[in-house]
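J.: coords please:
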Amino acid sequence: MRFFISDAWAQSGASPGGGLLSLLPIVVIFVLFYFLLIRPQQKRQKQHREMVASLSKGDEVVTTGGTLGKITEVGENFITVEVSQGVQIKVQRGMVQTMMPKGTIKDA
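T.: Have a look, this model is predicted:
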């Protein structure tokens, strides 16, 4: 009694070692993601943390909102930034985007 399955289909099976070889593209993609996306982002975060930790009175900064000012007071969580003569705002330390070179405010 013969069934309708051809001999070629009945005899084919998984190739030995195919499971490990099929994981190779996933591993390669993960390694590429790590070196092209994850690692550079971690490096930028570390640099930002170091910059925020080193903020001091007199530094000229730009906040994430684009406000340029001079630091007049530094607290543990907040800093006070003078944006104009007599106008001061309180900003979270983490919201400082960049430190500007001294004298930037006079040029602006």
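J.: so what's the backbone phi/psi at the residue nearest the centre of the chain?
T.: What sits nearest the mean C-alpha location of the chain, by CA atoms, centre = their mean, is Gln41, with 3.4 Å. Dihedral angles of Gln41 (phi, psi; degrees, to the nearest 10) stand at phi -70, psi -40.
J.: So what are the structural domains in the protein, by residue number?
T.: Using automatic domain parsing, the domain parsing of the chain gives 17-51, 56-107.
J.: Burial-wise, tell me which of the ones you listed comes out on top.
T.: Comparing the domains of the chain by mean neighbour count (mean count of other CB atoms under 10 Å), domain 56-107 ranks first with a mean of 14. (C-beta placed from N, C-alpha, C; glycine too.)
J.: can you pull out the strands in this structure?
T.: Under the criterion DSSP state E, the chain contains strands at 60-63, 68-74, 78-84, 87-92, 96-100.
J.: From Gly75, how far out is Gly94?
T.: Computed with CB to CB, to the nearest Å, the distance linking Gly94 and Gly75 is 13 Å.
J.: can you check Val52 too?
T.: Per CB to CB, Val52 is found 12 Å from Gly75.
J.: same deal with Leu68?
T.: From Leu68 over to Gly75 (counting by CB to CB), the distance is 20 Å.
J.: With Arg49 instead?
T.: From Arg49 to Gly75 the distance is 17 Å (CB to CB).
J.: for Val87, same thing?
T.: Per CB to CB, Val87 is found 19 Å from Gly75.
J.: before we move on, back to that, Tyr34: which of the strands of the chain is closest?
T.: Taking CB to CB, strand 96-100 is the member of these nearest to Tyr34, at 26.1 Å.
J.: Direction included, what does the closest one pair up with?
T.: Strand pairing for strand 96-100, determined by DSSP bridges: strand 60-63 (antiparallel).
J.: Need phi/psi at Gly103.
T.: For Gly103, the backbone dihedrals (degrees, to the nearest 10) come out as phi 90, psi 0.
J.: How much space separates it from Leu20?
T.: Distance from Gly103 to Leu20, by CB to CB: 61 Å.
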